[in-house]
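Novice: Sequence and computational prediction follow.
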Amino acid sequence: MYAHTKGPNPEDWEDLKDHLNAVAERASEFARSFDAADLGRVAGLWHDLGKHSPAFQERLLRMARGLQAPRVDHSTAGAWHAIQRMQNEDQALALAFAIAGHHAGLADFGTPQSSDGSCLAIRLGRAKASHAIRDAIERAEADITEPPTPPLPSWYVESGGDSPLRLSLLTRMLLSCLVDADRIESERFSDPDAAKEREQPYSSLIDLRARLDEHLATLSKQRTPASEVVSRVRSQLLESCRTASLCPPGIFSLTAPTGAGKTLSSMAFALNHASRHGLTRVIYALPFTSVTEQVAREFRQVFGPSCVLEHHSAFQPPASQADAALQDSEARIERWRQNASENWDAPIIVTTNVRLLESLFACGTSDCRRLHRLARSVIVLDEAQALPVDLLRPTLAAFKELTVSYGTSIVVCTATMPAVRHRPEFPIGLRDVHEIVPDPAAMARSMRRVRVRFAGILPDEDIAQALMRSKRAIVIVNSRRHARRLFDRVREQCPDALHLSALMCPAHRADRVKEIHARLASSDECRVVSTQVVEAGVDIDFPIVYRALAGLDSIVQAAGRCNRHGALAKGEVCVFEPADPPRIPTSIEQAIGVTRQIIAARGGADHVDLLDLETIEHYFRQYVWERGGPDPMWDGPVGSDGRRVGITNLLKKDSLQFREAAAHFKLIDDGYSTPLVVPYDDRGSSLRERIYRVQLNTTQSVASLLRQAQPFTINVPHKVVDDLVQEGHALRTELGPAVLTTFAESSLYSPDVGLMLDEDARSGGHVI
């Protein structure tokens, strides 16, 4: 019996028994991190039981001879065997789902009457009636040594099953261990050199902690008189993080104002905490790709490129230099990055909230493969107040489960306050949260570097004139349409003004932020019109910020771009209401409504301090905590029937609808958008042409090119892309995304504002 072929000679093929044992040992080692080594071993030993069938062995023979070979289901046999062998129902279900899904991903359980033939219930029903599966299991039992019935982890038994996600997350973790072990062992057979390169050791967290300490010591010597207050607060925050890192693993909150140095201080906490308590890695998650790129770049400067995995959709490896040795070094680092991206086998991972959280609820094997790396890790979640309100119940339930059952520590970072902490009016919140900063309110007061004033209702012309009165200023508005309209008005008076929005591809935005940094570091004028894409972590520092009225948390983030490093006695944040407000998403409208209510309740704009933590608590109480009611909006979007989906209920033991839950757990609603690859600069243009040429040759795959094109991709409504294709400005590739094919003087992609659209005609009813 064979597991895999390599060439025409069966002597070179992989013995099935060897493969099962190797996967079992590796999956067992992975699952040991959450006290489930025996379950991991059984999953590995049974995952390919179906390969003991004559039909599968015939498939291997035909493939080796270059003949067409029909597919053979080889995973259902192990799932059925688990159901038959396990006396405990939870064990049986976890193993059956994981084994059945180690290629196709997790299915819904369904019922024998379900219409979806891929659901587990139907597959098990077919297995029960299949003589071929029973024969394969009998052959397997004669060929391999059956292990004793593995126990459930002690934490699972002792918990009493009080967590709604306990069984579903254990199932995902087992699938993760199995998929990672299976793919690594398959690679070890098919490509030993690649497998050997994958297993190169990396620096210990203790070594990385020493590098960070050395870097922080250097920074402490660079204080300037103008930033003495900021430097003192940053030192206090760092000391608080080092002290709190001695606490046992659990859930921590880091409440500190913008500019206080949360990034490096939270990393100091994470490395100290992990080193002290035997945790294995640090996962740093941020809300936006632009901020993720910035933080990853900062960490690479501290720790080196081969210790920091940057993993998100817009990542683009650095361009190779001319030096051959350097090229070879960069090639090795890029191969390491590609390998580590598959399973997060790296000491430090910098990723987005979207990548992290959607992986926790994904059903596909690629996303689930990395999940077991979350066990016994430190997860730093930056800007936690940005979490979607309608996903808070499943998100916080997963956080609780990770800390209680998987030895994970989670650090919730925010400049406002931990809006996800348990309260009577917010029963789903996190309990036993350890605040790292002894007195967040005092720290916020000491770091108050701006004054906020209200300018009332302002037309675009007045905003443009106000921007021109300052040599360096930024205005932030709530929609791309308003930003574009206002930018056109500003450019009439200031031709070198800059623009930022999500209609610029990630590579374009990154270049624009670099240009802003360069202007601010020199004596050049710098006037910027931006959407909220610039908020939440982008390290820019303007003396004055104009902010369209928004949710209070957004106003606080905008204030963080003003006098960030304390060079002025006070910076100025001017909040205004647009005279001609454009359409904006419902979520922003709701947040603005709550902000207005708070201002009115506290005596009007002249009598309220929007940056005070008590005011911010009042905002979160109305916007997040008190939005439960008979139909709590915390548990998924509203379905087509007008009722809330209830993601948590979908994942309870009596449901286990993995695919349906994954379809609804989306931080970014991309159901109406199409990725559009744009010809930004020479890199984007070259990729566009290469994709176009490959598209004409249908024998080639464009998957690799599309991955390279992610930094040059924008998500826009289907209707927009349909119009562009119909007008001859775009084409569709075989894998879905569209690519702009014409750009000249009347280019649809502008180096100033990005994708240029007649949005009123092309928005398809969506706010873009």
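Specialist: Arrived safely.
Novice: got any ranges where the stretch 501-650 of the chain has weak pLDDT?
Specialist: Across the stretch 501-650 of the chain, residues meeting the criterion (pLDDT under 70) sit at 536-537, 626-632, 640.
Novice: Break down it into its strands, ranges please.
Specialist: For the stretch 501-650 of the chain, the strands defined by DSSP state E, counting those that start in this stretch cover 526-530, 544-548, 571-578.
Novice: Tabulate those (CSV), appending distance to T258 and mean neighbour count.
Specialist: For glycine as for every other residue, the C-beta is placed from the backbone atoms N, C-alpha and C. CSV is the format used below for the strands of the stretch 501-650 of the chain (distance: least, Cβ to Cβ, whole Å; neighbours: other Cβ atoms under 10 Å):
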stretch, distance to T258, mean neighbour count
strand 526-530, 16, 26
strand 544-548, 12, 25
strand 571-578, 12, 20
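Novice: Nearest to K400 among these would be which one?
Specialist: Closest approach to K400 among the strands of the stretch 501-650 of the chain (Cβ to Cβ): strand 544-548, 34.8 Å.
Novice: and the closest one with strand 571-578, angle?
Specialist: Using axes from the mean of the first three to the mean of the last three Cα atoms, to 10 degrees, the inter-axis angle of strand 544-548 relative to strand 571-578 is 30 degrees.
Novice: Tell me which other helices or strands strand 544-548 touches.
Specialist: Under the contact criterion of 3 or more Cβ pairs under 8 Å, 6 or more residues apart in numbering; DSSP states H and E, strand 544-548 touches helix 460-468, strand 472-476, helix 552-559, strand 571-578.
Novice: Which one of these lies nearest to R335?
Specialist: Using Cβ to Cβ as the measure, helix 552-559 is the one of the helices and strands packed on strand 544-548 that comes nearest R335, at 37.3 Å.
Novice: Buried ones in that closest one, by neighbour count?
Specialist: Going by neighbour count (16 or more other Cβ atoms under 10 Å), the buried part of helix 552-559 is L552, D553, S554, I555, V556, Q557, A558, A559.
Novice: rewinding a little: out of the helices and strands packed on strand 544-548, which comes closest to I647?
Specialist: Taking Cβ to Cβ as the criterion, I647 comes closest to helix 552-559 out of the helices and strands packed on strand 544-548, the separation being 23.3 Å.
Novice: Can I get that closest one in PDB, CA atoms only?
Specialist: The C-alpha coordinates for helix 552-559 follow below in PDB (Å, rounded to 0.1, in the frame of the first residue of the first chain):
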ATOM      1  CA  LEU A 552     -16.000  59.400  19.000                       C
ATOM      2  CA  ASP A 553     -13.400  56.600  18.700                       C
ATOM      3  CA  SER A 554     -12.600  57.900  15.200                       C
ATOM      4  CA  ILE A 555     -12.200  61.500  16.500                       C
ATOM      5  CA  VAL A 556      -9.800  60.200  19.100                       C
ATOM      6  CA  GLN A 557      -7.800  58.400  16.400                       C
ATOM      7  CA  ALA A 558      -7.700  61.500  14.300                       C
ATOM      8  CA  ALA A 559      -6.400  63.500  17.300                       C
END
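Novice: that's a strand at A455, yeah?
Specialist: Yes: following the definition DSSP: H, G, I helix; E, B strand; the rest coil, A455 is counted among the residues of a strand.
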